[in-house]
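Peer 1: Quick one, what's the 3D model for this:
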Amino acid sequence: MNLKKLLFIGCIFCLFAACTKNAAYQIDVKLSNLEAQDIYAVFEAFDSKHVDTIVCRPSETISIIRQEGAYTTLTIYFENHKDWITVYLEPHKKITVSGDALYPQLAQIKGTRTNELLSDFRKKAAPLLKEKTQLSGAIDTAEHSSTDHARAEHTPRLANIDHELTTQAEHFIRKHPDDEASAVLIQEYFLDPENPLPAETLINILDAKLNDSYIVKNLKAYCQKAKQTIVGAQAPDFEIINIYGTPYTRHSFTGKYCVLAFTATWCDLCQIENMLLDKIAQASRPESLDIMLISLDEDPQKVRDFIKSHTIRWNVCTDSAGQAIHLLEAYNIRSLPRCFVLDKNGTIVLKTDNGIELKQSLEALGAIPKDEK
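Peer 2: The predicted structure is shown next:
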């Protein structure tokens, strides 16, 4: 090799080494059982996001480098976004990620105190986390094959594992109230839109020095929003127009019970029959109960065509002008179908995705006559 070529290679190597050394973020990832594929590295800041696509090969170390930015987390997605690992970033702190791609929840991440504390937690909880991954996979397989026996066998054990993990997480949080890792565990194990109070209780024991942490700020905002739609809260107000051009607000239903049913025609109005909405509508009296379907479909005409086959003249609001999306946000909807029952004063008395529970609740309230069958 001639001298010029050697010097050129040396310069390139030095330049690469200098860039790596001065990089704002460098994360080296080595996972066993990771097949050749594209992985996606999503850097996130409070108000921005950057996505890199990286081609990986089995058994090789992947270096993810960002030269600039003020990012707080990196989420590494693989297996077609089915699995991911989240890394908590600090500028100019080199981070290493190791583990088994089959068990991403067990990944060991070194390089910052938050990552290392979380890795210690995962290491102690490894048997539970590994069993949870295996059982979740078995339940998914059972659902695809309609094997009710396997699902019924694994579900109770999975619930026990979740309980044990939350117990361990709470013990860690109370032991480390001044570490951001505790806020991460609250986020992972205690956030529940149905009941934000356990999360709020643990947030309140965190050291005040964490109040400026973006994770803690997000946790507090989440809990505050979730409290707006818990049973007993005054339902969030809204202004919508149904597919027939009639305007509605929450106060339009004052003096009678109301069912707000969040749905979409692409799931057959989320199984109107399964949710027993058709039976409820047939049994209801206009002066006692109103049912408003909130559909994610953007085309009102499409919804009109869909409900023509029904004998019930459904009151439907579509997502034209973003109406449904606004309501999904206001009511913290994470899955469909979802029903809220409001009493005569607009207070939330039930939220459910179970048609039997919905019907029985309305019967108990006197909103519809009891089914004598």
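
Peer 1: biggest helix in this structure, by residue count?
Peer 2: The longest helix of the chain (DSSP state H) is helix 148-175.

Peer 1: average pLDDT across it?
Peer 2: The average pLDDT for helix 148-175 rounds to 90.

Peer 1: for stretch 339-346, same thing?
Peer 2: For stretch 339-346, the mean pLDDT works out to 96.

Peer 1: mind listing what's buried in that stretch?
Peer 2: For stretch 339-346, the neighbour count (16 or more other C-beta atoms under 10 Å) marks 339, 340, 341, 342, 343, 346 as buried. Yep, even glycine has a C-beta here, placed from its N, CA and C like the rest.

Peer 1: just stretch 236-255 next, same as before
Peer 2: Neighbour-count burial for stretch 236-255 flags 236, 238, 240, 242, 243, 248, 250, 252, 253 (criterion: 16+ other C-beta under 10 Å).

Peer 1: can you check stretch 129-142 too?
Peer 2: Neighbour counts over stretch 129-142 (16+ other C-beta under 10 Å) mark 129, 132, 133, 135, 138, 139, 142 as buried.

Peer 1: okay, those residues in JSON lines with pLDDT, distance to residue 105 and secondary structure next?
Peer 2: Converted to JSON lines, the buried residues of stretch 129-142 look like this (pLDDT from 0 to 100; distance: C-beta to C-beta, whole Å; DSSP: H, G, I helix; E, B strand; the rest coil):
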{"residue": "129", "pLDDT": "97", "distance to residue 105": "5", "secondary structure": "helix"}
{"residue": "132", "pLDDT": "95", "distance to residue 105": "8", "secondary structure": "helix"}
{"residue": "133", "pLDDT": "94", "distance to residue 105": "6", "secondary structure": "helix"}
{"residue": "135", "pLDDT": "92", "distance to residue 105": "13", "secondary structure": "helix"}
{"residue": "138", "pLDDT": "85", "distance to residue 105": "16", "secondary structure": "helix"}
{"residue": "139", "pLDDT": "81", "distance to residue 105": "16", "secondary structure": "helix"}
{"residue": "142", "pLDDT": "70", "distance to residue 105": "21", "secondary structure": "helix"}
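
Peer 1: ok, which pair from those is furthest apart?
Peer 2: Within those, two members stand farthest from each other by C-beta to C-beta: 129 and 142, at 20.4 Å.

Peer 1: Just list what the helix or strand containing residue 184 packs against, helices and strands only.
Peer 2: Per DSSP states H and E, residue 184 falls inside helix 180-189. Using 3 or more C-beta pairs under 8 Å, 6 or more residues apart in numbering; DSSP states H and E, the elements in contact with helix 180-189 are helix 113-124, helix 148-175, helix 197-203, helix 214-227.

Peer 1: Pass me the low-pLDDT residue ranges in the stretch 151-300 of the chain, would you?
Peer 2: 264-271 (pLDDT under 70).

Peer 1: please redo it, this time with the cut-off set to 90
Peer 2: Scanning the stretch 151-300 of the chain with the threshold set as pLDDT under 90 gives 151-155, 193-195, 243-244, 262-278, 286, 294-300.
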